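Undergrad: Task: produce atomic coordinates for the following.
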Amino acid sequence: MGQYLVKHWLKEGHAIQLTARSSSSLSQWKGVLQACFQVDFDTPDVVWPVELDREVDLVIISVPLGTNSELAHFRTAQLVKNLSLLKSKTAIYLSSVGIYPDLNGTMSEDGFLPEGADLVRSHAEQAISSCFATHYTLRLGGLFGLDRIFARYFVNKICYTGDQPSNFIHVEDVRRCIEQLSVSNLPSGIFNLVCPEHPSKREVILASANKYQLPLPNQFISRDSAQKIVSPDKLIQALNFEYHYSNPLNF
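TA: The predicted model follows:
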């Protein structure tokens, strides 16, 4: 997601500072961005390089936490220590709808997280938001669009999740939402960012395979699975947000 944002905003003439954990992630930006730095939050006592401007208009945080909870907590602590050194008008943290447990029903941002929620993600959301006066957490659905094609993940494979509702979002709508949030006067908060339409994953696979001329899965096998739907209603109402891609069938 971060690479796409940088490419788009560079074309619009924005001044961008980029940090990444690995040198390979930065290689394409050498000579393009004046400020791109390798900062690995898995390294003890890591700090921003002195060349990084601490006063900015907007901070976008997109840091994968991983599956190891101990490492995720350490990574979050290192990140928070550094974020607290920045002065920003607005900060947006890209979280995930993976925070919600696999339960039947509709998941919304209001109230307490249901039992079985990802507490590591929840801790990261709270810790990161504490670093900024104005902050938004976007819980992103599965990211698709451009070169990310859902059917591609099932070529010559068996799909067991075809009956599940899709909770997806197009990368272009993520960018548009970030841009609108960054100039809004909304109070800080948490928002689900998923398409308002939730066709089954089987339907999305068939549609994207047809559109991009990809082979179908070898087989669809149904298994009992949670019918979880993540609701974007709060974001739509608060931001009056209009999707370019409201249905994953059109990605």
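Undergrad: Strands of this protein, residue ranges please.
TA: Ranges of strands in the chain, per DSSP state E, are 17-20, 35-38, 55-61, 87-96, 105-107, 135-140, 142-144, 158-159, 168-170, 189-193, 219-220, 228-230.
Undergrad: tell me the most buried of those strands?
TA: Comparing the strands of the chain by mean neighbour count (mean count of other CB atoms under 10 Å), strand 168-170 ranks first with a mean of 26. Every C-beta, even on glycine, is put in place using the N, C-alpha and C of the backbone.
Undergrad: just checking, what packs against that one?
TA: When contacts are defined as 3 or more CB pairs under 8 Å, 6 or more residues apart in numbering; DSSP states H and E, strand 168-170 packs onto strand 142-144.
Undergrad: Give me the mean pLDDT for the strand it packs on.
TA: For strand 142-144, mean pLDDT is 97.
Undergrad: Among the strands of the chain, which comes closest to T67?
TA: With CB to CB as the measure, strand 87-96 is the member of these nearest T67 (12.6 Å).
Undergrad: now for that closest one, which elements pack on it?
TA: Looks like strand 87-96 contacts strand 55-61, helix 119-129, strand 135-140, helix 171-182 (3+ CB pairs under 8 Å, 6+ apart).
Undergrad: Dump the ones you listed into a markdown table; add distance to L94 as well.
TA: As requested, the helices and strands packed on strand 87-96 are exported to a markdown table (distance: least, CB to CB, whole Å):
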| stretch | distance to L94 |
| --- | --- |
| strand 55-61 | 7 |
| helix 119-129 | 10 |
| strand 135-140 | 6 |
| helix 171-182 | 8 |
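Undergrad: Those: which one's closest to K87?
TA: Once those are compared by CB to CB, strand 55-61 is nearest, at 4.6 Å.
Undergrad: now what about the closest one, what contacts it?
TA: 2, 5, 17, 79, 83, 86-94, 128, 132, 178, 182 (CB atoms under 8 Å, 6 or more residues apart in numbering).
Undergrad: Could you check how many residues crowd around the closest residue to S25 other than its chain neighbours?
TA: By the measure of CB to CB, 6 or more residues apart in numbering, the closest residue to S25 outside its immediate chain neighbours is Q3, 7.8 Å from it. By other CB atoms under 10 Å, the residues close to Q3 number 13.
Undergrad: before we move on, what about I99?
TA: Residues near I99, counting by other CB under 10 Å: 22.
Undergrad: Against S25, how distant is it?
TA: 24 Å (CB to CB, to the nearest Å).
Undergrad: shouldn't Q180 be in contact with L239?
TA: Yes: assessed by CB atoms under 8 Å, Q180 is found in contact with L239 at 5.7 Å.
Undergrad: For F144, which residues count as its bridge partners?
TA: Beta bridges link F144 to H170, judged by DSSP bridges.
Undergrad: ok, it to G111 distance?
TA: 29 Å.
Undergrad: Same check on V39?
TA: In terms of CB to CB, V39 sits 35 Å off from G111.
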